[in-house]
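**Student:** Quick one, what's the 3D model for this:
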Amino acid sequence: MNQLSGPQGLCVDDDQTIYIADYNNHRIMEWKCGATTGRVVAGGNGKGNRPDQLRDPTDVIIDKEGDSLIICDYFNRRVVRWSRQNGRNGETIISNVGCYGLTMDNDGFLYVVDSEKHEVKRYRMGESEGEVVAGGNGQGDRLNQLDEPSYIFIDKDHSLYVSEWGNHRVMKWSKDAKEGIVVAGGQGQGRSLAQLSYPYGIFVDESGAVYVVDCSSHRIVRWIEGDAQGSVIVGGNDEGKQSNQLSTPVGLSVDREGNLYVIDNGNERVQRFSIEKDDKLMNDAYLLCDRN
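**Tutor:** So this is what the prediction gives:
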């Protein structure tokens, strides 16, 4: 239980327990802080669509109110809830959705990326019909459109941030907005500091700075609000497996102390980076699930 295969999204609990969407193993793994092995907490019974199975999960979040995990069961086109109290089966709460990423706001509303319809919907917990809050105007690069959205982040003001593979950008949609604004990338695919190449996981700090996983450039970039370009804070040293390198990173999460956790997909591991006094990020040798 110390290996991952094609991990995608992740989330971190208050006690630094990590939950990982272990894509190719069709399961969710729980990894306690400091542990050398993890344990299966959802799926892990082969790929399939039974209540006790997952197939190609891409994201997971914690619903503390219900003491459960909410999972994007991507291939099965459903969102499932899995109890954290020895849950043997998941409960489908949303069906027929091309779900890839998800998040929850402080009011308990669930936000789900539908990468097939190029939109994000907001759901009231317990209801299966959602409301479009970003995109929904077909696939494209206009400010009221999305193109293959992947992961999302919601801030305390209910502004929604969406990363898009197709447009190589991150968009910010304010609450009730009919269109978004570009806050990172949007200058075509590339490796310059003004560009992104297949952005995935995102996080926004209290100052409004956007942290985005720049997958094909093997780096994490921080974009200060209003700046025309970002700065590399992790990786960017070519693809590799050294402590200052990443290989096709995907998911991104942050704990209560501000440490960044990165799904280092190509290396099939999770890395944690701590913020130093000079505002740089340092790998603190906290490697999880390292296949090596």
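
**Student:** give me the number of residues near D157?
**Tutor:** 9 (other Cβ atoms under 10 Å). (Each C-beta comes from the backbone N, C-alpha and C, glycine too.)

**Student:** Check what pLDDT it gets.
**Tutor:** With respect to pLDDT, D157 has a value of 95.

**Student:** residue contacts, it?
**Tutor:** Listed by Cβ atoms under 8 Å, 6 or more residues apart in numbering, the contact partners of D157 are 174-175.

**Student:** can you do 6 Å?
**Tutor:** With contacts defined as Cβ atoms under 6 Å, 6 or more residues apart in numbering, D157 has no neighbours.

**Student:** go on, V210?
**Tutor:** Residues counted as contacts of V210 (Cβ under 6 Å, 6+ apart) are 170, 183-184, 204, 223.

**Student:** cutoff 10 Å now
**Tutor:** 153, 161, 163, 170, 172, 183-185, 199, 202-204, 221-225, 227, 230 (Cβ atoms under 10 Å, 6 or more residues apart in numbering).

**Student:** Mark which of those residues are buried, thanks.
**Tutor:** Neighbour-count burial (16 or more other Cβ atoms under 10 Å) applied to the contacts of V210 gives 153, 161, 163, 170, 172, 183-185, 199, 202-204, 221-223, 230.

**Student:** Quick check: the gap between the nearest residue to L160 once chain neighbours are set aside and E179.
**Tutor:** With sequence-adjacent residues excluded and distances taken as Cβ to Cβ, 6 or more residues apart in numbering, L160 is closest to W173, at 4.5 Å. As judged by Cβ to Cβ, to the nearest Å, W173 and E179 stand 8 Å apart.

**Student:** So between these two, which is more surrounded?
**Tutor:** Just comparing W173 and E179: by other Cβ under 10 Å the higher neighbour count belongs to W173, 24 against 14.

**Student:** Which parts of the stretch 51-200 of the chain are strands?
**Tutor:** 57-63, 68-73, 78-83, 90-95, 99-104, 110-114, 119-123, 131-135, 149-154, 160-164, 169-173, 181-185, 199-204 (DSSP state E, counting those that start in this stretch).

**Student:** Would you indicate which residues of stretch 146-156 are buried?
**Tutor:** Within stretch 146-156, the residues scored as buried using 16+ other Cβ under 10 Å are 146-155.

**Student:** circling back: can you list residues touching both of W173 and E179?
**Tutor:** Residues touching both W173 and E179 (Cβ under 10 Å, 6+ apart): 134-135, 143-144.

**Student:** which residues touch V232?
**Tutor:** 193, 214, 217, 219-222, 281.

**Student:** With distance to V262 added, can I get the residues you listed in a markdown table?
**Tutor:** Putting the contacts of V232 into a markdown table (distance: Cβ to Cβ, whole Å) gives the following:
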| residue | distance to V262 |
| --- | --- |
| L193 | 19 |
| D214 | 11 |
| S217 | 14 |
| R219 | 10 |
| I220 | 7 |
| V221 | 12 |
| R222 | 13 |
| L281 | 10 |
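
**Student:** In strands, which of those residues appear?
**Tutor:** The members of these that map onto strands under DSSP state E are 214, 219-222, 281.

**Student:** can you pull the contacts of the nearest residue to D255 once chain neighbours are set aside?
**Tutor:** The shortest distance from D255 to any non-neighbouring residue, by Cβ to Cβ, 6+ apart, is to V12 (4.6 Å). Counting by Cβ under 10 Å, 6+ apart, V12 makes contact with 18-19, 31, 33, 62, 253-256, 259-261, 270, 272.

**Student:** tell me which of these is nearest to N89?
**Tutor:** Y19 (17.5 Å; Cβ to Cβ).

**Student:** Tell me, how many residues neighbour that closest one?
**Tutor:** 25.

**Student:** now for the helix or strand hosting it, which elements pack on it?
**Tutor:** Per DSSP states H and E: Y19 is located in strand 18-22. Counting contacts by 3 or more Cβ pairs under 10 Å, 6 or more residues apart in numbering; DSSP states H and E, strand 18-22 packs against strand 7-12, strand 27-31, strand 39-43, strand 57-63, strand 68-73, strand 252-254, strand 260-264, strand 269-275.
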